[in-house]
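Undergrad: Return a 3D structure for these sequence lines:
(chains A and B)
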Amino acid sequence: MEQFTYVIKDSAGLHARPAGLLVKKASAYSSNIILKIREKSADIHRIFAVLALGAKKGDTITVQIDGPDEKNVLNDLKAFFESYL
Amino acid sequence: MNIFKGKGISGGVAFGKLYFYERTKLALKRCQVDDVDAEIAHYQKAKASAVQKLQALYDKALREAGEKEAEIFQIHQIMLEDPDYEESVVGMIRNEHVNAEYAVGKTADRFAAMLSAMDDDYMRGRAVDVRDISERLISLLLSNSDVAPIESGGPVIVVADDLMPSETVQMDKKKLLGFALSQGSCNSHTAILARTMGIPAVAQLDGQIDKKCSGKEAIIDGNSGTVYLEPDAATVEHMKEVRRQHIERLQILDQLRGKENITKDGQTVQVFANIGHVADLNCVMENDAGGIGLFRSEFLYLESADYPTEEEQFSAYKTVLEAMSGKLVIIRTLDIGADKKVDYFKLPKEENPAMGFRAIRICLKRPEIFKTQLRALFRASAFGKLGIMFPMIVSVEEVRKIKQIIEDVKVELHRERVSFSEDVELGIMIETPAAAIISDDLAKEVDFFSIGTNDLTQYTLAVDRQNQELDGYYDPHHKAILRLIDMVIQNGHRQGIWIGICGELGADSELTETFMRMGIDELSVSPSTILPLRKKIRSLDLR
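TA: Alright, predicted model coming up:
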């Protein structure tokens, strides 16, 4: 299992555009990926769940990755968060 | 004449006839179905069809409006394919033996309600997207035809409660003059479209425009957020002038973008932007600034319930530097005093906060706060061209103390193997009479000066800027101020450093010629005044 945390810098938070891109990206991965903010969690493939996290600027998001391509996914997602969030 | 006020969500002025857009309400009936598998298959087929149609709409929007406009259709595709959405629809069909369109309708209600309940304006706006995809599905399930086209001869101002992406994308763009919405918001899809098309749009109108007014003449002002129904002659004349000014402003922008800040006789000056937030970066780029002459870092402290961490600061500075791709960005260190609301600083109450424990004085007395900011700045310096400037300086000793602390920070970063730029320019704000008067000594200690004319005027004329009683006394064109500015520029140049102005006077076109003759190197102004300033500079001949 791989995991990382990230503090959201974008003033718009995790809005529809990056959420959509995230879901799209995740469709190519084999691993299970869960996003967590405080007590709420969401499966990365489910856009409504991801949007419902209500991730805002300053929130710390935890990404848990579990599966055969977890190491690649970890680096990929870290880079994604840095660029878009 | 009736006047309706709302929120301007896209600028500009348009004159035209109103057109009421009404969504054909699809009557949703709940029916019993026996063959649930067939019903689910019916749903899947409609879904596939919808996804395909969205692809076509994406392409159309991309061609006619742009990427930002088009991407909403990709989001719609993802929403349609969402497992939670599907589970809700399929689950309802299977468990309650209901027809697909009813299941979709109820699912739409649930998801839209979830989004509408969020405390983020942007998220609430997304409830419209859920309705849109659901309407699309229901339409396909009931084999309904597409969105009704605009039935009108000429171009119109469309009146609606709000408009879904599917509706606006199919409207004949040549027929659109503007949008007047009773709901909507800045984040509405309609707002994005209107801005892309450069047409006015107003949201959240305070009154109901009667349907019977369809076809009546109106004026829409997207800047002030006003709709004039059947305007009287005086209003028409006035708004024609407002529109003329608006178009002229846009034309100036177009003509002057990319042009040099150069006088007729060849003298140049840098024109930079003053901003207070990362969100203002768009304005900086749009208005063709040569750099950022003042980036106020206070927002990091004011928008926080506690001291911003080094990471948070580093992230903000890095974002700005990267966005400006190599153009100079001057960040001013924290300029806060007892007059600002930052409880966690625990600043003692003061009689005269303007002349009190503030800005650099806080930084030097509490070096941990200062070092955190400096570390973040130097770490960010590796990502662009950074200049740092220090506010409220009154002595050479202060500058030397600052430089010593900077040396300590550099040694720390070296030890930690964190890279930073060795070319960071260090400058000070000249905003106190003391600094102006000893500017010859100060010029030996720094790489540049930036004159803060607002505070300099206040301290020099002994006038409180905030006191309306004293309006007559606050004269920024006072000889004393101009003499000090001239002295600072000459002292600076004698030591080979450059001088800029970041106070309001920089944008004062009555003084541009005076400053150019004094030899000012840089004027940093609010983004919307950059191009008008460029126009002024290019009109001067200093021979």
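
Undergrad: What confidence value was assigned to residue B:207?
TA: Reading off the confidence values, residue B:207 has pLDDT 82.

Undergrad: residues in contact with it?
TA: Residue B:207 is in contact with B:2, B:4, counting by Cβ atoms under 8 Å, 6 or more residues apart in numbering or on different chains. For glycine as for every other residue, the C-beta is placed from the backbone atoms N, C-alpha and C.

Undergrad: Can you name the residues in contact with the top helix by length along chain A?
TA: Counting by DSSP state H, the longest helix found in chain A is helix A:70-84. With contacts defined as Cβ under 8 Å, 6+ apart, helix A:70-84 is touched by A:1-2, A:4, A:6, A:10, A:17-18, A:21-22, A:25, A:29, A:31, A:33, A:61, A:63, A:65, A:67.

Undergrad: Can I have the buried ones of those residues as a PyMOL selection?
TA: If you want just the buried ones from these in PyMOL, going by 16 or more other Cβ atoms under 10 Å in any protein chain shown, the selection is:
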select buried, chain A and resi 2+6+10+18+21+22+25+29+31+33+61+63+65
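
Undergrad: can you tell me which of the contacts of helix A:70-84 are in strands?
TA: Taking DSSP state E as the definition of strands, these contribute A:2, A:4, A:6, A:33, A:61, A:63, A:65.

Undergrad: Any chance of TSV for these, columns distance to chain B?
TA: Shown next, in TSV, are these (distance: Cβ to the nearest Cβ, whole Å):
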residue	distance to chain B
A:2	21
A:4	14
A:6	11
A:33	14
A:61	14
A:63	17
A:65	18
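
Undergrad: what secondary structure does residue B:418 sit in?
TA: At residue B:418 the chain is in coil, as set by DSSP: H, G, I helix; E, B strand; the rest coil.

Undergrad: How about the contacts made by it?
TA: Applying Cβ under 8 Å, 6+ apart to residue B:418 gives the contacts residue B:379.

Undergrad: distance of it from residue B:381?
TA: Per Cβ to Cβ, to the nearest Å, residue B:418 is found 11 Å from residue B:381.

Undergrad: Centre-most residue in the chain?
TA: No chain was given, so I picked chain A. residue A:35 (5.3 Å; Cα atoms, centre = their mean).

Undergrad: Figure out the helix or strand that that one lives in.
TA: Element membership of residue A:35 [criterion: DSSP states H and E] is strand A:32-37.

Undergrad: again, but for residue B:413
TA: Assigning secondary structure by DSSP H and E places residue B:413 in helix B:396-415.

Undergrad: Over to residue B:4?
TA: strand B:2-5.

Undergrad: quick one: strands adjacent to that strand?
TA: strand B:226-229 (antiparallel) (DSSP bridges).

Undergrad: need the residues of the stretch 251-400 of chain B near chain A, please.
TA: B:278, B:279, B:311, B:312, B:315, B:316, B:319 (Cβ under 8 Å from any Cβ of the partner chain).

Undergrad: Show me which of those residues is closest to residue B:341.
TA: If you rank those by distance to residue B:341 using Cβ to Cβ, residue B:312 comes first, at 18.7 Å.

Undergrad: By residue count, which strand of chain B is the longest?
TA: strand B:13-20.

Undergrad: Show the subsequent helix or strand relative to it.
TA: That would be, after strand B:13-20 and using DSSP H and E, helix B:36-64.

Undergrad: near chain A, which residues of chain B show up?
TA: Along chain B, the residues adjacent to chain A under the rule Cβ under 8 Å from any Cβ are B:71-72, B:74-75, B:78-79, B:82-85, B:111, B:114-115, B:118-120, B:122-123, B:126, B:129, B:278-279, B:311-312, B:315-316, B:319.

Undergrad: Mark which of these are buried, thanks.
TA: Buried by 16+ other Cβ under 10 Å: B:71-72, B:74-75, B:78-79, B:82, B:84-85, B:111, B:114-115, B:120, B:122-123, B:126, B:129, B:278, B:312, B:315-316, B:319, out of the residues of chain B next to chain A.

Undergrad: and those residues, which of them are in strands?
TA: Among those, no member lies in strands (by DSSP E).

Undergrad: Among those residues, which ones are in helices?
TA: Under the assignment DSSP H, these contribute B:71-72, B:74-75, B:78-79, B:84-85, B:111, B:114-115, B:122-123, B:129, B:312, B:315-316, B:319 to helices.

Undergrad: Who are the packing partners of the lowest-mean-pLDDT helix or strand in chain A?
TA: Every helix and strand of chain A was ranked by mean pLDDT, DSSP states H and E. The lowest is helix A:16-26, at a mean of 86. Using 3 or more Cβ pairs under 8 Å, 6 or more residues apart in numbering or on different chains; DSSP states H and E, the elements in contact with helix A:16-26 are helix A:47-52, helix A:70-84, helix B:67-80.

Undergrad: now, of the ones you listed, which is deepest in the fold?
TA: Highest mean neighbour count among the helices and strands packed on helix A:16-26 (mean count of other Cβ atoms under 10 Å in any protein chain shown): helix A:47-52, with a mean of 23.

Undergrad: Going by residue numbers, what spans are strands in the stretch 251-400 of chain B?
TA: Using DSSP state E, counting those that start in this stretch, the strands found in the stretch 251-400 of chain B span residues B:270-275, B:292-296, B:328-332, B:385-390.
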